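>>> Make a model of this:
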Amino acid sequence: MTDRVVELDITGMTCASCANRIERKLGKLPGVTATVNYATEKAQVQVDDAGATDDGVLIAAVESAGYGATVPAPPVAADDDAAPAQADPIRRRLVVSAVLAVPVVLLSMVPALQFPDWQWLALTLAAPVAVWGALPFHRAAWVNARHGAATMDTLVSVGVLAAFGWSLYALFLGDAGTTGMHMTFSWFATDPEATDLYLEVAAAVPVFVLAGRYMEARAKTQSGAALRALLELGAKDATVLRDGVEHHVPASTLVVGDVVVVRPGERIPSDGLVQDGSSAVDESMLTGESVPVEVRPGDRVTGATVNAGGRLVVSITRVGADTELARMGRLVEDAQTGKADVQRLADRVSGVFVPVVIALAVLAFVGWLVAGGSVTAAFTAAVATLIIACPCALGLATPTALLVGTGRGSQLGILIGGPQVLERTRRVDTVVLDKTGTVTTGAMTLRSVTGTADTDEDTVLRLAAAVEDGSEHPVARAVVDAARTRRLDVPVAAQFTATPGAGVQAVVDGGVVLVGTARWLAESWSVALPAAVAAAVESAEADGATAVVVARDGIALGVVVVGDTVKPEAAEAVARFRALGLHPVLLTGDNDGAARAVAARVGIDEVHARATPASKLETVRRLQADGRTVAMVGDGVNDAAALTAADLGIAMGAGTDAAIAASDITVVSGRLTVVADAVRLSRATLRVITSNLFWAFAYNVAAIPLAMAGLLNPVLAGAAMAFSSVFVVANSLRLRRFAPQP
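Predicted structure coming up:
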């Protein structure tokens, strides 16, 4: 049995402490592990199948903590106005509060503007802000208090209410309400002219915090734009061919087996195979490559790509959540929901941060009084300490960078599996490259056929094609295609068996036919090679080609030579790997001569040839045992084990589903230079996360002692607190400008 993963949409979170609290609440349930992301407002909950925890229990646990939770609906194209609308309530509250607060701040800070009884006008303007403008903070603080918790809202609410309450006391029970009273603005709490009125604090702090929340909401909208754009790419309508008649239907109603017509300029409605027609398909949304790809009958096409040429008839093979577009969306969203180890440290800090700050505020107040300071100075220091401390920057440091970095990656055809991948990318020093389909095109073509004195070339090729017809290996496809091109009569084989990395066997016309490497035939089947066949094998391997020997009933009949072509960007990609500090290694199941010929062309020194899936895995583990941190790049089923074992698995998007499933990063286009861009993007994202966390920690470490020492006015503390979150978000948005190397 496997664990069940449930995703929940969370509402009501206002800071990182909220996310941490929900995680702890869910984690108390038996068999439940949760990760809550403040920036994406989502929770990923892993439930042990041995337990009986259902979705209703999970939602109830979140609600018992004072928040809301729902199971999200299946992903659909986003409404362009939906995300900005989420920030509208904050904007309205911010605008009204700012209009009322600005006169209060000016009256309090500029003595020349203070007319007789000005303080009563200031109270009239400040009261709506302190009560209604700060209502979200008061409401959240009350809910948290009922559950015995404290968050950043608690700090803001207590600070605003304390400032407003003190001002009411001074106005109605003290001397501050006297006609002709004046006050001056002070940078420090130790100023002897400090007044007992804090109306400017009660009005300005909610405005600053609301401004920060509004900019956070807008920034999250921008950073999530790539994922929304990805989901919007799907076709809305499709033309289905039924009984020779075209019918226009919503694309969402398609089922596997439907046949659709796609005209030039239309989007392909879902994944499928071309049945009829040939065209050029624009796959830039999927791969990031601008050059259209030629397709013809039998080729696979992906939903949401654009038919740029002729009319196509496509048989639908995958719909809904099974399509490539949906898979990409899930990968991006999963990556954005996860947490890096550095963020988990920040979460642990923010979980205890608020109670510690409240204790420090009380300590500052008592400390000032014990040291002989005035009550005004003590109160100012305490309020400034409450307001300056903001765990939001800690909570936003990783998620916002991940939102932007993974979103930008999806635009470039780079799918990053999660935040842990970024941390592994930083440590990688060795990149292991599979040859076929990774360094080379994987499009093998027939170069030559050599028979013996008793066997002609066509006989050798037709027998090889009969056996290889049961294999999906690129060499096998090249042999079968060549036989079909020559219009040979290929017999039907039976009892097909494959030995990975060595060869295949089958019964053809009553005889056992072997097709494989010369070593395999010699060692496993004791097949001796005639001089002409051995010479052809040696010549092919020296030239970097692949030679497969054909034998029937233990007698060698000839050799078929096929060759692959190196990808045009492979040499440049290897040079970029070296520039990134990565040592390239070529790992292939091909023969040593072919492997070294390819390695020489692209600039790789270390080569491991004749590798089976098991020995590929062993090679990766041996490199790791030597102290190397290994990234494995591959595209085939035989690479899956090595991709899983490597510290970082990178799959080429044109490869098999097994390879993609085993990888940490998927390069959709299959271009090797994009692998280098993927490493650069991962490292750039991690650098932004690190700088965000440094700023968030440094801000609090420096600001709280200043506030406790009375060196910060509460108004300035509120502005600095809001700026810290805005800085973190703005720093993350720089990743939107990441550009691949030309």
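>>> how about low-confidence regions in the stretch 101-250 of the chain?
Counting by pLDDT under 70, the ranges of the stretch 101-250 of the chain that qualify are 184-196, 212, 215-233.
>>> Just to confirm, what's the three-state secondary structure of residue 7?
Secondary structure for residue 7, judged by DSSP: H, G, I helix; E, B strand; the rest coil, is strand.
>>> wait, it sits on residue 42?
Yes. Residue 7 is within contact range of residue 42, at 6.2 Å (criterion: C-beta atoms under 8 Å). For glycine as for every other residue, the C-beta is placed from the backbone atoms N, C-alpha and C.
>>> what about those two, which has more around it?
Shown here are residue 7 and residue 42; by other C-beta atoms under 10 Å, residue 42 has more neighbours (21 against 14).
>>> Relative to residue 64, how far out is that one?
19 Å (C-beta to C-beta, to the nearest Å).
>>> For the residue lying closest to residue 138 once chain neighbours are set aside, list the residues it contacts.
Taking C-beta to C-beta, 6 or more residues apart in numbering, and ignoring the residues beside it in sequence, residue 138 has residue 157 as its nearest neighbour in space, at 4.8 Å. Neighbouring residues of residue 157 by C-beta atoms under 8 Å, 6 or more residues apart in numbering: 134, 137-138, 140-141.
>>> So which residues of the stretch 101-250 of the chain form helices?
Listed from the start of the chain, the stretch 101-250 of the chain has helices (DSSP state H, counting those that start in this stretch) covering 118-128, 135-146, 152-172, 199-223, 225-232.
>>> Reformat the ones you listed as CSV; add distance to residue 549.
Output for the helices of the stretch 101-250 of the chain, formatted as CSV (distance: least, C-beta to C-beta, whole Å):
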stretch, distance to residue 549
helix 118-128, 89
helix 135-146, 75
helix 152-172, 72
helix 199-223, 57
helix 225-232, 48
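>>> now for those, which one comes closest to residue 465?
Counting by C-beta to C-beta, residue 465 lies closest to helix 225-232 out of the helices of the stretch 101-250 of the chain; the figure is 41.8 Å.
>>> Tell me the buried residues in the longest helix belonging to the chain?
Secondary structure of the chain read by DSSP state H shows that its longest helix is helix 672-708. Residues of helix 672-708 classed as buried under the neighbour-count rule (16 or more other C-beta atoms under 10 Å) are 672-682, 684-686, 688-693, 695-697, 699-700, 703-704, 706-708.
>>> try stretch 252-262
Residues of stretch 252-262 classed as buried under the neighbour-count rule (16+ other C-beta under 10 Å) are 252, 254, 258, 260-262.
>>> got the end-to-end distance for that stretch?
16 Å (C-alpha to C-alpha, to the nearest Å).
>>> sorry, back to before: tabulate the buried residues of stretch 252-262 (JSON lines), appending secondary structure and distance to residue 380.
Conversion of the buried residues of stretch 252-262 to JSON lines gives the following (DSSP: H, G, I helix; E, B strand; the rest coil; distance: C-beta to C-beta, whole Å):
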{"residue": "252", "secondary structure": "helix", "distance to residue 380": "60"}
{"residue": "254", "secondary structure": "coil", "distance to residue 380": "66"}
{"residue": "258", "secondary structure": "coil", "distance to residue 380": "71"}
{"residue": "260", "secondary structure": "strand", "distance to residue 380": "70"}
{"residue": "261", "secondary structure": "strand", "distance to residue 380": "74"}
{"residue": "262", "secondary structure": "strand", "distance to residue 380": "69"}
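>>> quick check, nearest of these to residue 406?
residue 252 (25.9 Å).
>>> ok now do the closest one, which residues does it touch?
residue 320 are the contacts of residue 252 under C-beta under 8 Å, 6+ apart.
>>> How much space separates it from residue 649?
Residue 252 sits 33 Å away from residue 649, going by C-beta to C-beta.
>>> Could you single out the most deeply buried of the helices of the stretch 101-250 of the chain?
Each of the helices of the stretch 101-250 of the chain was scored by mean neighbour count; the highest is helix 199-223, a mean of 25, by mean count of other C-beta atoms under 10 Å.
>>> For residue 496, which non-adjacent residue is spatially closest?
For residue 496, the closest residue by C-beta to C-beta, 6+ apart turns out to be residue 470, at 3.9 Å.
>>> ok, that neighbour touching residue 504?
Yes. Counting by C-beta under 8 Å, residue 470 touches residue 504, with 7.0 Å between them.
>>> which residues do those two both contact?
Residues touching both residue 470 and residue 504 (C-beta under 8 Å, 6+ apart): 476, 496, 498.
>>> Can you turn the buried subset of these into a selection I can paste into PyMOL?
Entered in PyMOL, the line below selects the buried ones among these, by 16+ other C-beta under 10 Å:
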select buried, resi 476+498
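>>> Just give the number of residues close to residue 367.
Taking other C-beta under 10 Å as the neighbour definition, residue 367 ends up with a count of 17.
>>> Hmm, it is touching residue 705, no?
No. Applying C-beta under 8 Å as the test, residue 367 and residue 705 come out as separate, 11.9 Å apart.
>>> Inside helices: which ones of the shared contacts of residue 470 and residue 504?
Those of the shared contacts of residue 470 and residue 504 mapping onto helices are residue 476, per DSSP H.
>>> so can I have JSON lines of the shared contacts of residue 470 and residue 504 showing distance to residue 384?
Supplementary listing: the shared contacts of residue 470 and residue 504 in JSON lines, determined by distance: C-beta to C-beta, whole Å:
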{"residue": "476", "distance to residue 384": "74"}
{"residue": "496", "distance to residue 384": "78"}
{"residue": "498", "distance to residue 384": "73"}
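>>> With respect to residue 248, which of the shared contacts of residue 470 and residue 504 is nearest?
Ranked by distance to residue 248 (C-beta to C-beta), those are led by residue 476 at 41.5 Å.
>>> from what I can see that closest one touches residue 498, true?
No. Residue 476 is not in contact with residue 498 according to C-beta under 8 Å; the separation is 9.2 Å.
>>> ok so residue 264 is a helix residue?
No. Residue assignment for residue 264, taken from three-state DSSP, gives coil, which places it outside any helix.
>>> Make sure it is actually in contact with residue 311.
Yes. Counting by C-beta under 8 Å, residue 264 touches residue 311, with 7.1 Å between them.
>>> one step back: now the contacts of residue 157 as JSON lines including distance to residue 576?
Listed next are the contacts of residue 157 as JSON lines, based on distance: C-beta to C-beta, whole Å:
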{"residue": "134", "distance to residue 576": "53"}
{"residue": "137", "distance to residue 576": "49"}
{"residue": "138", "distance to residue 576": "55"}
{"residue": "140", "distance to residue 576": "49"}
{"residue": "141", "distance to residue 576": "52"}
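>>> between those residues, which is nearest residue 633?
Nearest to residue 633, judged by C-beta to C-beta, of those is residue 140 at 47.3 Å.
>>> Quick check: closest non-adjacent residue to the closest one.
In space, residue 140 comes closest to residue 153 once its chain neighbours are excluded; the distance is 3.8 Å by C-beta to C-beta, 6+ apart.
>>> Let me see the contact set for the one you found.
Taking C-beta under 8 Å, 6+ apart as the definition of contact, the neighbours of residue 153 are 14-15, 136-138, 140-141, 144.
>>> For stretch 526-546, buried residues please.
The neighbour-count criterion (16+ other C-beta under 10 Å) identifies 527, 529-530, 533-534, 536-537, 539-541, 544-546 as the buried residues of stretch 526-546.
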